[in-house]
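Peer 1: Quick one, fold the following:
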Amino acid sequence: MNAFDVLFSLKGRLNRKRFWLYQISVGIVTSIPFLVGEGVAAGLIELWAQIALSVKRAHDRDKSGKFVLVLLVPLVQIWPFIELWFLRGTKGDNEYGPDPLLEYDREAQITAGRDV
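Peer 2: Numbers count the residues shown, from 1 in each chain. Reported below is the predicted structural model:
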């Protein structure tokens, strides 16, 4: 999955490490326009990217993207926050796609020139 798909598509799965890296990267990159007073467009792009990342992370936990809506409910939002940010995804394939940890391992082996 390329960076554009990770940030703007609602399909697929995302493991914790990549979720954290993309969250931090999006936050840093979109904060620059705010510093120079042009933050509205960057804010909308950031909002969509955060939603897409969270939906993919929910998929990794074998939950529907609708699970992310629970983040809007005060107090109850603590559980989905913990689940999305800190708990490991489903081992193996689930209805949302292959295990991203295994997928990244396969890509690394192919890049290294090893057959899988």
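Peer 1: just the strands in this protein please.
Peer 2: Using DSSP state E, the chain contains no strands.
Peer 1: Can you report how many residues lie near residue 75?
Peer 2: Neighbours of residue 75 under the rule other CB atoms under 10 Å: 6. Where you see a C-beta, it was placed from the backbone N, CA and C, and this is true even at glycine.
Peer 1: Ok, residue 37 next?
Peer 2: The tally of other residues near residue 37 (other CB under 10 Å) stands at 7.
Peer 1: Centroid-nearest residue for this protein?
Peer 2: Centroid-nearest residue in the chain, with CA atoms, centre = their mean: residue 53, separated by 2.8 Å.
Peer 1: Not counting its neighbours along the chain, what's nearest that residue?
Peer 2: Among residues not flanking residue 53 along the chain, residue 22 sits closest, at 5.4 Å (CB to CB, 6 or more residues apart in numbering).
Peer 1: My guess is the one you found contacts residue 54. True?
Peer 2: No: with contact defined as CB atoms under 8 Å, residue 22 and residue 54 do not form a contacting pair (10.5 Å).
Peer 1: Looking only at neighbour counts, state which of those two leads.
Peer 2: Between residue 22 and residue 54, counting by other CB under 10 Å, residue 54 is the more crowded of the two (23 against 20).
Peer 1: roughly how far apart are the closest residue to the more buried one other than its chain neighbours and residue 38?
Peer 2: Nearest residue to residue 54 in three dimensions, chain neighbours excluded: residue 68, at 4.6 Å (CB to CB, 6+ apart). Distance, residue 68 to residue 38, by CB to CB, to the nearest Å: 28 Å.
Peer 1: all helices in this structure, in order from the N-terminus.
Peer 2: Listed in chain order, the helices of the chain (DSSP state H) span 3-8, 16-35, 39-60, 78-86, 100-111.
Peer 1: Can you pull out the low-pLDDT segments for this structure?
Peer 2: 104-109, 112, 114-116 (pLDDT under 70).
Peer 1: rewinding a little: the more surrounded of residue 68 and residue 38?
Peer 2: Higher neighbour count among residue 68 and residue 38: residue 68, with 21 against 11, using other CB under 10 Å.
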